[in-house]
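Chemist: I would like to see how this sequence folds:
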Amino acid sequence: MDAGTATPDDVASAVTGPGSGCPVAEFGRLREQGPVVDFPGFGGDSGVLITRHDDVRAVLTDPRLRADASTVDGAQNALSDLLGKLGIPPELDWMKRSLLSLDGAEHTRLRKLVSRAFTVRRVNSLRPRVETLTEDLLDDIAAVGAGGGSVDLVQAFAYPLPIAVICELVGVPEPDRPRWRELAELLTSPDPDRMPPVIHAVVEQIRVLVEARRNTPADDLMTVLVEVHDDGDRLTENEMITMVFELVIAGFETTAHLISKSVQVLLTRPDQLAALRSEPGLWPRAVHELVRTCGPIPTSLPRYAATDIEFGGVTVPAGSTVTAGILSANFDPEFTEDPDELDVRRETGRGERHLGFGQGAHYCLGAALARQEAEVALRGVFERFPDLRLADPVTGPAPLGFARLPDLPVLVASG
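Modeler: This next block holds a predicted model:
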């Protein structure tokens, strides 16, 4: 294999963004170095990063690249390592066998059952509640910012909304929700010592909720998971618990960061924000463009090569850990015209024209919900606060690309 010459520091800089301060530029340099570059990997093991759009799409759709490390000789399960670092205790190891880490018939069976809980009808039916939750949070922000003081939009809006939506979707009773919010906090600021009692408490709450829904069905996701079946096949209780936990992992932090980064980016591009304010019908299209340009997932989870595979003339040997560069693919000039520009009018054409939600068998199951949530949240905050502005003015547009904003101080009162 003759991969590119990127160093671990190059890749770390691209993923974390400290180098130039612009992850798009960092990933762009990796893309220019070659279609395949050395990559230190999530678990510390060596691997490769695929950088160009067509090759990245191939990584996400080629069945020779497995999500399940146990099916490839010598592969180390990086997802398991990541969950271990979060502090998931050994007695809950069964939670590591999820849609994200399965392939083939096992994955197909589980996804077929679970997908019935994420129908278009169910997602659309949740929209009024998402709008109400959004309005409630915006009321609180308006009260805090009425005197002209700044409000941290990350802590006051971007974080609380997704976990509230997840609790509504699952059917978590209000008295149980503080533990779920604590779990969400530990996913953004890991503390392996605090995690075991919190995750055990949430697992027990889910078990109680499963039993309650068996006896008294309700209009929520847990009831659907309890009742769903296919020719007599049903989800086990552990599979239901794992699915709900995966929903929290996949649907909380990603949505929170998409909302906060999108607000920052739009506030520093007044022409794009003006277009959305004058034509609110652009919001669904704009959300796709914001996922492409501000998506919170710069790379895929690792895949494992079951056989030798070629990308751009470079052969990746069997057994290699392969990671798809989502961000570099979404900004590939060979696929997208003027990729470094945010254009809320950009046509998506057929499909999504970006890889922010993945592709293939492991395409994000909650993509429609995430898009809806982002649209409701972003449209809501900009319509509610016409004078919304950054508390700390910046010069020029904020960088695009992956970024976890620790805070986003804003002013909402008329200046």
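
Chemist: okay, strands next: where are they in this structure?
Modeler: 36-39, 47-50, 65-66, 151-152, 229-230, 233-234, 303-305, 309-311, 314-316, 321-324, 389-390, 409-411 (DSSP state E).

Chemist: pLDDT averaged over the third one - what is it?
Modeler: This points to strand 65-66. Mean pLDDT, strand 65-66: 96.

Chemist: for that strand, give me every contacting residue.
Modeler: Contacts with strand 65-66, where a contact means CB atoms under 8 Å, 6 or more residues apart in numbering, come from 59, 72, 75, 103, 303, 304, 305, 306, 309, 322. (C-beta placed from N, C-alpha, C; glycine too.)

Chemist: okay, and the beta partners of the nearest residue to residue 39 once chain neighbours are set aside?
Modeler: Leaving aside its sequence neighbours, residue 39 sits nearest to residue 49 (CB to CB, 6 or more residues apart in numbering; 3.9 Å). Bridge pairing for residue 49 (DSSP bridges) gives the partners residue 37, residue 323.

Chemist: quick one: contacts for residue 49?
Modeler: Residue 49 neighbours (CB under 8 Å, 6+ apart): 6, 11, 30, 36, 37, 38, 39, 299, 323, 324, 325.

Chemist: thinking again about what came up before, do you know which of the strands of the chain lies nearest residue 198?
Modeler: strand 151-152 (23.5 Å; CB to CB).

Chemist: residues of the longest helix along the chain that come out buried?
Modeler: Of all segments of type helix in the chain, defined using DSSP state H, the longest is helix 120-145. Going by neighbour count (16 or more other CB atoms under 10 Å), the buried part of helix 120-145 is 122, 123, 126, 130, 133, 134, 137, 138, 141, 145.

Chemist: a markdown table for these, including distance to residue 173?
Modeler: Formatted as a markdown table, the buried residues of helix 120-145 follow (distance: CB to CB, whole Å):
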| residue | distance to residue 173 |
| --- | --- |
| 122 | 20 |
| 123 | 22 |
| 126 | 17 |
| 130 | 19 |
| 133 | 16 |
| 134 | 21 |
| 137 | 20 |
| 138 | 24 |
| 141 | 26 |
| 145 | 31 |
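
Chemist: now those in JSON lines, with pLDDT and distance to residue 374?
Modeler: Shown next, in JSON lines, are those (pLDDT from 0 to 100; distance: CB to CB, whole Å):
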{"residue": "122", "pLDDT": "86", "distance to residue 374": "18"}
{"residue": "123", "pLDDT": "89", "distance to residue 374": "13"}
{"residue": "126", "pLDDT": "91", "distance to residue 374": "14"}
{"residue": "130", "pLDDT": "95", "distance to residue 374": "10"}
{"residue": "133", "pLDDT": "96", "distance to residue 374": "14"}
{"residue": "134", "pLDDT": "97", "distance to residue 374": "11"}
{"residue": "137", "pLDDT": "97", "distance to residue 374": "14"}
{"residue": "138", "pLDDT": "98", "distance to residue 374": "15"}
{"residue": "141", "pLDDT": "97", "distance to residue 374": "17"}
{"residue": "145", "pLDDT": "93", "distance to residue 374": "22"}
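
Chemist: excluding its backbone neighbours, what's nearest the most centrally placed residue in the chain?
Modeler: Centroid-nearest residue in the chain, with CA atoms, centre = their mean: residue 254, separated by 3.4 Å. Of all residues not flanking residue 254 in the chain, residue 296 sits nearest, at 4.5 Å (CB to CB, 6+ apart).

Chemist: try residue 159
Modeler: residue 256 (5.0 Å).

Chemist: likewise residue 313?
Modeler: Going by CB to CB, 6+ apart, residue 313 has residue 35 as its nearest residue, at 7.3 Å.

Chemist: state the distance from the one you found to residue 412.
Modeler: 46 Å (CB to CB, to the nearest Å).

Chemist: and for residue 269?
Modeler: Counting by CB to CB, the gap from residue 269 to residue 412 is 19 Å.

Chemist: likewise for residue 384?
Modeler: Counting by CB to CB - residue 384 and residue 412 are separated by 8 Å.

Chemist: quick one: the residue nearest to residue 159 and residue 164 touch, right?
Modeler: No - if you go by CB atoms under 8 Å, residue 256 and residue 164 don't touch, sitting 11.1 Å apart.

Chemist: between these two, which has more neighbouring residues?
Modeler: residue 256 (26 against 22; other CB atoms under 10 Å).

Chemist: contacts only, for that one.
Modeler: So residue 256 contacts 154, 158, 159, 161, 162, 188 (CB under 8 Å, 6+ apart).

Chemist: OK, contacts around the fifth one?
Modeler: For residue 162, the contacting residues are 184, 251, 252, 253, 255, 256, 259, 373, by CB under 8 Å, 6+ apart.

Chemist: recalculate using a threshold of 7 Å.
Modeler: Contacts for residue 162 (CB atoms under 7 Å, 6 or more residues apart in numbering) come out as 251, 252, 255, 256, 373.

Chemist: and for the residue nearest to it when sequence neighbours are not counted, the neighbour number?
Modeler: Nearest non-adjacent residue to residue 162, counting by CB to CB, 6+ apart: residue 255, 4.2 Å away. Per other CB under 10 Å, the neighbour tally for residue 255 reads 25.
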